[in-house]
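1. Test case, fold it:
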Amino acid sequence: MASLLVKILGAMTPPPFVQPTDYDGWEVKWKFLVFRPGLFQSQAYLLAGLLAYVAIAIYGKYVNFKRANSWYNAHLTLLQDQFSSPTSASGLIADGYTDLFNFSTGRRAIASLHTVFSLRPRQDPLQLIYHFGWQMYDLRYNPYDELTLDFKLDAEMAASIPDYVWAVLAKDEFTNIKDKRWDLTFTRTADHASLPASLSVMTEWADVTDNLFKATPTLSLTKLLSDPVNLKYFKSLSVTDQPRERPAVPLTPAEREKHVILCLAVPPANKAAETIPLVSAMFTFIDGLTKMNLRPETRSKMKKVREDVDKEIREEAVKEKKEEAAEDKKVAKRKAELERVSRLSAAEQKKIIERDRKRALKRSQGKVVRKS
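-> Numbering: from 1, shown residues only. All right, here's what the predicted structure looks like:
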């Protein structure tokens, strides 16, 4: 093992420098110091690569922050009109170079608006190369700058609308949407005649879709989503009473929340204002949710689905707890056995080890016989 390590280290160690005697290139002399650039070609390439990496990282960081801040500044007036506390004192909050946040609160029917930017890692050339390579391998993979506006409804508003999960989304989002959004597993997917061919509806029952499309007389949701400008950036719009991640145990009534979630592609900095009409329409859409009038059988069916899901989650939680208890009991028993054996004499320990070895051998032989 030691000799192998020595060989590996030897292979990694660069050869000793040999001063050439016939150097005839350009050189700089000062007293007893001599600098010969021609001897440092490899180092020059490495330095150039490092400087290029740093330059790309700085430029990528600049582009990301410019995109996010341009959108934020273009929509700040809208947020100020809608919320008493539209933003924090410092504006956008950055978590690294790709994730930025804003939190707004203080509006009727909306407890809070959480705005999240998830931008491409432009500051990291290696990640960009990886994304490009993966795009060449999987043509469905299409990374983009994602903007999520999560409207959390307040308790009064949430109590006044039915429990359901509904979404309309771009078809290129179908690939992994249900892996990221557990709540959308409640729905079924279908096209809708009033929507562009690039969009589909995910709903529990058609009655929900029909009500949402006509809930607000002053807002035509189908017309809004059919606008070519909005379609450029639109990714999904969902109304949900379920968490986005599957809970380990059924949620209590106090823990349940209702959200309206709008996902967009972040527009270029010079076109940041193009999403203002779409974002502004969300406030009208939310205010109109109380006008839904679902059929009684639709409500009862959705209630039954939630009861069944809660029952399944509860049973799985109990099963998992029993399995953990059995595993803990097995570990404790094994530990007690090891402690007991450790107090025995060496001869007795040897007998026990030999006995366990023979038992293990018999079990393995029995498995081989059964398979054959």
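2. mind listing what the residue lying closest to residue 118 once chain neighbours are set aside touches?
-> Counting by C-beta to C-beta, 6 or more residues apart in numbering, residue 146 is the residue found nearest to residue 118 once chain neighbours are left out, at 4.4 Å. In short, each C-beta sits where N, CA and C put it, glycine included. By C-beta atoms under 8 Å, 6 or more residues apart in numbering, residue 146 lies in contact with 117, 118, 119, 235, 263, 264, 265, 266.
3. Now which of the residues you listed would you call buried?
-> With neighbours counted by 16 or more other C-beta atoms under 10 Å, the contacts of residue 146 contain buried members at 117, 119, 235, 263, 264, 266.
4. TSV for the residues you listed, including distance to residue 172, pLDDT and secondary structure?
-> Conversion of the buried ones among the contacts of residue 146 to TSV gives the following (distance: C-beta to C-beta, whole Å; pLDDT from 0 to 100; DSSP: H, G, I helix; E, B strand; the rest coil):
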residue	distance to residue 172	pLDDT	secondary structure
117	20	97	strand
119	19	95	coil
235	8	95	strand
263	12	96	strand
264	14	96	strand
266	16	96	coil
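5. Just the closest of the residues you listed to residue 333, please.
-> Residue 333 has its nearest neighbour among those in residue 263, at 50.8 Å by C-beta to C-beta.
6. if I read this right, the closest one contacts residue 147, doesn't it?
-> Yes - here residue 263 lies in contact with residue 147, judged by C-beta atoms under 8 Å, at a distance of 7.1 Å.
7. Now do the helices in the stretch 51-200 of the chain.
-> Counting by DSSP state H, counting those that start in this stretch, the stretch 51-200 of the chain has helices at residues 125-137, 155-159, 177-180.
8. which residues are in contact with the second one?
-> So the one you mean is helix 155-159. Counting by C-beta under 8 Å, 6+ apart, helix 155-159 makes contact with 109, 110, 111, 241, 256, 257, 258, 286, 289, 290, all of which sit outside it.
9. which one among these gets closest to residue 8?
-> When the contacts of helix 155-159 are ranked by distance to residue 8 (C-beta to C-beta), residue 257 comes first, at 55.6 Å.
10. Number of residues surrounding that closest one?
-> The burial metric for residue 257, expressed as a neighbour count using other C-beta atoms under 10 Å, is 16.
11. Which residues are in contact with it?
-> Contacts were defined as C-beta under 8 Å, 6+ apart; by that measure residue 257 touches 152, 153, 158, 241, 243.
12. confidence score at the fourth one?
-> Model confidence at residue 241, given as pLDDT, is 94.
13. Number of residues surrounding it?
-> Here the count is done by other C-beta under 10 Å, and residue 241 has 20 residues near it.
14. From residue 150, how far off is it?
-> Distance of residue 241 to residue 150, given as C-beta to C-beta, to the nearest Å: 14 Å.
15. Show me where the chain has its strands.
-> Taking DSSP state E as the criterion, the chain carries its strands at 28-30, 33-35, 93-95, 99-107, 110-118, 146-153, 166-170, 188-190, 199-203, 234-240, 259-265.
16. Any chance of the ones you listed in CSV with distance to residue 304 as columns?
-> CSV is the format used below for those (distance: least, C-beta to C-beta, whole Å):
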stretch, distance to residue 304
strand 28-30, 85
strand 33-35, 82
strand 93-95, 41
strand 99-107, 34
strand 110-118, 28
strand 146-153, 23
strand 166-170, 17
strand 188-190, 16
strand 199-203, 16
strand 234-240, 18
strand 259-265, 22
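17. So for residue 182, which of the ones you listed sits nearest?
-> Between residue 182 and the strands of the chain, the tightest spacing by C-beta to C-beta is seen for strand 234-240, at 10.0 Å.
18. That closest one pairs with which strands, and in what direction?
-> Strands that pair with strand 234-240, judged by DSSP bridges, come out as strand 166-170 (antiparallel), strand 259-265 (antiparallel).
19. Listing request: residues of the chain with sub-threshold pLDDT.
-> Counting by pLDDT under 70, the ranges of the chain that qualify are 1-2, 14, 16-24, 366-372.
20. Give the closest residue to residue 230 in space, chain neighbours not counted.
-> With sequence-adjacent residues excluded and distances taken as C-beta to C-beta, 6+ apart, residue 230 is closest to residue 278, at 4.9 Å.
21. show me the contacts for the one you found.
-> Contacts for residue 278 (C-beta under 8 Å, 6+ apart) come out as 224, 230, 233, 234, 262, 264.
22. wait, which of the residues you listed is closest to residue 103?
-> Lowest distance from residue 103 to the contacts of residue 278 (C-beta to C-beta) belongs to residue 262, with 15.8 Å.
23. and the nearest residue to residue 102 once chain neighbours are set aside, bridged to which residues?
-> Across the structure, with C-beta to C-beta, 6+ apart as the measure, the residue nearest residue 102 apart from its sequence neighbours is residue 115 (4.2 Å). Counting by DSSP bridges, residue 115 is bridged to residue 102, residue 149.
24. Would you confirm that residue 115 contacts residue 148?
-> Yes - contact criterion C-beta under 8 Å: residue 115 and residue 148 qualify, at 7.4 Å.
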